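K.L.:
Structure for this input, please:
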Amino acid sequence: MKAFATSQHPASQHPAGSTRAASSQRSRRSVLTSALACALGALSLAALPTGAAAQAAAAAWPDKPVKLIVPFAPGGTTDIVARLIADKLSVQLGRAFVVENRAGAGGALGSEALAKSPPDGYTIGMATQSTHAANPALQPKLPYDAIKDFAPVSLLAIVPGVLAVHPSVPAKTMQEFIALAKANPGKLSYGSPGIGSLGHLLMAQFEDFNKVDLLHVPYKGSGQALNDVLAGQIQVIGDNLPSALPHIQAGKLRALGVQANKRVPSLPDVPTYAEMGMGEIGKPAWFGIVAPANTPAPIVAKLNDAIRVALKDPAVVAKLAQSGSEPVGSSPEEFTRAMRETMESFRAVVKARNIKID
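P.N.:
Coordinates of the predicted model:
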């Protein structure tokens, strides 16, 4: 309490002007002291070797919320996987991981926004076969480079695809469907989210591999295509299993084959593409996390470690298994290889079929 005691000197000995001047002088000294402290702190950080500075940044990361860009609309497979992992990372790392949906142009808008974000670990995003394989294979003037503009962190999950038909189609098996398509070239129609979309490229691969001719009906989204096959307006759809599974289980669609490494527990009687001799085109879709290029390696490593732990959580494994999906977890290098391999596969089908978008 002594610090706040009233001065023993009469007020008349300290005129008001003198008091204001002294207060102003103390204020200036305080500002100068703060500025000097900030400057010394900056000099101290700048004096650290680059590696040490990066380590210091990684040790502090994250000290504020992290934005996770999903380049597609809410409710789709990418969004579901993203929100599942974001919830777990928020708990593990003690800061909110906030999902931001930035849909448009087949995922290109959100991916471009991510590529142009500061490489500080506070903006990361979802990468899919659409954004980092199909788009680059089809669009030479894409506003981002799928390899150079990003720092891969980890694969998250592989999600089976499924080829399904409306119940009115007489084929009960994949072999019967292929025979039916060969006997009726151009008469069986399939829907996709648009020309050059992942759904289009995967079905084009199916046509080339099996030497069949199907009629492509492009839509503005996978939801519209799914609705029309359910209504019988088109006969066939190739879709991510999580979207189609409820309708298959309800008997509104008939599944003929799944693109998966093994049979899906929720569809035990449906064979994989590999079992039917189509393993070359039967790989499941992948989903992963990327950051902007030049994000400090220690931050990438810390995030990679957290993702691997999250993917072992029984609740995450169970949630993914409901749709036949599998948690993966990978090194950044393994993720890069997956991107390159898928991109080259799609480039081959784009060139073979001369697929172009306006």
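K.L.:
going forward, measure contacts between C-alpha atoms and count neighbours the same way
P.N.:
OK.
K.L.:
Within its local environment, how many residues does I178 see?
P.N.:
I178 has 18 neighbours, counted by other Cα atoms under 10 Å.
K.L.:
Where does it sit: helix, strand or coil?
P.N.:
Recorded secondary structure, I178: helix (DSSP: H, G, I helix; E, B strand; the rest coil).
K.L.:
what about stretch 100-112, start to end distance?
P.N.:
In stretch 100-112, first residue to last residue: 14 Å (Cα to Cα, to the nearest Å).
K.L.:
Can you mark which positions in it are buried?
P.N.:
E100, N101, R102, A103, G106, G107, A108, L109, G110, S111, E112 (16 or more other Cα atoms under 10 Å).
K.L.:
Okay, and which of those map to helices?
P.N.:
Among these, DSSP state H puts A108, L109, G110, S111, E112 in helices.
K.L.:
how about the buried residues of stretch 100-112, which pair is most distant?
P.N.:
E100 and G106 (16.0 Å; Cα to Cα).
K.L.:
Give the bridge partners for P218, please.
P.N.:
When assigned by DSSP bridges, P218 has beta-bridge partners S192.
K.L.:
What is the burial count for it?
P.N.:
19.
K.L.:
my guess is it contacts G194, does it?
P.N.:
Yes - P218 is within contact range of G194, at 4.3 Å (criterion: Cα atoms under 8 Å).
K.L.:
joint contacts of the two?
P.N.:
Common contacts of P218 and G194 (Cα atoms under 8 Å, 6 or more residues apart in numbering): H200.
K.L.:
For the protein, which segments are assigned as helices?
P.N.:
Going by DSSP H, the chain shows helices at 16-47, 50-60, 77-93, 108-115, 129, 135-138, 174-183, 198-210, 222-230, 241-249, 297-310, 314-321, 332-353.
K.L.:
right, and those - which one's nearest T272?
P.N.:
Nearest of these (Cα to Cα): helix 174-183, 10.3 Å.
K.L.:
Return the set of buried residues in that closest one.
P.N.:
Applying 16+ other Cα under 10 Å to helix 174-183 flags M174, F177, I178, L180, A181, K182 as buried.
K.L.:
and that helix, how far from the chain's centre?
P.N.:
Put simply, helix 174-183 sits 35 Å off its chain's centre (Cα atoms, centre = their mean, to the nearest Å).
K.L.:
what's in contact with it?
P.N.:
Outside of helix 174-183, the residues within contact range by Cα under 8 Å, 6+ apart are A171, K187, L188, N210, K211, V212, D213, L214, L256, G257.
K.L.:
right, and P193 touches N227 too?
P.N.:
No - taking contacts as Cα under 8 Å, P193 lies outside contact range of N227: 11.7 Å.
K.L.:
So these two - more neighbours on which side?
P.N.:
Using other Cα under 10 Å, the more surrounded residue of P193 and N227 is P193, with 21 against 13.
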